[in-house]
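S.K.: predicted model and sequence follow; I will ask about them next.
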Amino acid sequence: SQTIHQWPATLVQPVGSPLSLECTVEGTSNPNLYWYRQAAGRGLQLLFYSVGIGQISSEVPQNLSASRPQDRQFILSSKKLLLSDSGFYLCAWSRPPSGGYTFGSGTRLTVV
Amino acid sequence: KQEVTQIPAALSVPEGENLVLNCSFTDSAIYNLQWFRQDPGKGLTSLLLIQSSQREQTSGRLNASLDKSSGRSTLYIAASQPGDSATYLCAVRGDSNYQLIWGAGTKLIIKP
C-alpha cells in the first residue's frame, strides 16, 4: 500500500531563517506531488505541483521554492522566512491521470 | 472558472441522525470529485473519490453521489456518531489541469 510521510510535524523558526520541509511517498512510482498551505481558519492554497523529477510548477508568487530531487521526494524550501509564511503545510500525492489525492499529516510552521 | 460551494457551512445534529452534506460546482467538465474530512489541527483524510463516469461511491456509513449534469454531489452519513465531528471538504478536479478546486467546507458537530 502507498504511504506518504511528511516532517517535521511542528516547527518554530525565527524570521529570516531558512526552511526545509520534506515529503516522501512509498509504494508507488511517478506520482504527482503537491505542496499546499492552509492559513489559520482559511482554505487550502496550492503552492507547487510536480509531475516528474525536476519538474516544478508554481501556482503563486512567493517566498518559497520547491524541488523534486527523486521520484518520490518533494521538498519545500525558503532562504529567508517571513512572518507571513506561518501556516499549516500539507504535502499530497496523486496517481496520474485521474487518481485521488492523498495528503500527509502536515507541518505546522510558526515564524516568530 | 470552476467554483465549488458547500452548504451548509456548519451543522450540529444529535447522535444517531442521518445527514446530508451538499457540494455544488459550476463547470460539469470534471475528472473526479473527492470528499475529505479534516479534524482540528490535523491533515486531510480522503473519504470517497468519485470519477466523472461514476454516480456514487460507498464506504461504510458514508455514501457519496455525483450528478455531473446538475453540478452536484452529496455526502450521506448514516447513523452519525460523535467521532464524525470534523470539517468536511469537497474538491473537484477539472479535466484540463492538476489542480483541485475546493469548497469552503462544512463544519459538522455531532452531539452525544
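M.R.: All right, it came through fine. Nothing here was measured: the structure is a model prediction, and the numbers come from that model.
S.K.: OK, contacts around A:Pro14?
M.R.: By C-beta atoms under 8 Å, 6 or more residues apart in numbering or on different chains, A:Pro14 lies in contact with A:81, A:111-112. To be clear about C-beta, it is placed using only N, CA and C from the backbone, and glycine gets the same treatment.
S.K.: hang on, I meant A:Leu90
M.R.: So A:Leu90 contacts A:6, A:35-38, A:44, A:103-104, A:106-107, B:43-44 (C-beta under 8 Å, 6+ apart).
S.K.: B:Cys90 touches B:Cys23, doesn't it?
M.R.: Yes - using C-beta atoms under 8 Å, B:Cys90 is in contact with B:Cys23, at 3.4 Å.
S.K.: what bridges to the spatially most central residue of chain A?
M.R.: The geometric centre of chain A, computed from its C-alpha atoms, lies nearest to A:Trp35 (C-alpha atoms, centre = their mean), at 3.1 Å. Taking DSSP bridges, one obtains A:Phe48, A:Cys91 as the residues bridged to A:Trp35.
S.K.: with B:Tyr88 instead?
M.R.: B:Arg37, B:Thr106.
S.K.: pick out the residue in chain B sitting closest to chain A.
M.R.: Of all residues in chain B, B:Leu49 sits closest to chain A, at 3.6 Å by C-beta to the nearest C-beta.
S.K.: ok, and what's touching the helix or strand harbouring that residue?
M.R.: Following DSSP states H and E, one finds B:Leu49 within strand B:44-51. Applying C-beta under 8 Å, 6+ apart, the contact partners of strand B:44-51 are A:90, A:92, A:98-103, B:31-39, B:56-59, B:62, B:64-66, B:73, B:75, B:88-89.
S.K.: sheet partners, orientation included, of it?
M.R.: Partners of strand B:44-51, by DSSP bridges, with direction: strand B:30-38 (antiparallel).
S.K.: return the partner strand as PDB; C-alpha atoms alone will do.
M.R.: What follows is strand B:30-38, C-alpha atoms only, in PDB (Å, rounded to 0.1, in the frame of the first residue of the first chain):
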ATOM      1  CA  ILE B  30     -14.600  17.400 -14.300                       C
ATOM      2  CA  TYR B  31     -12.200  14.400 -13.900                       C
ATOM      3  CA  ASN B  32     -13.400  13.500 -10.500                       C
ATOM      4  CA  LEU B  33     -14.800  14.700  -7.200                       C
ATOM      5  CA  GLN B  34     -13.300  13.900  -3.800                       C
ATOM      6  CA  TRP B  35     -14.600  14.200  -0.200                       C
ATOM      7  CA  PHE B  36     -12.300  14.700   2.700                       C
ATOM      8  CA  ARG B  37     -12.600  15.200   6.400                       C
ATOM      9  CA  GLN B  38     -10.300  17.400   8.400                       C
END
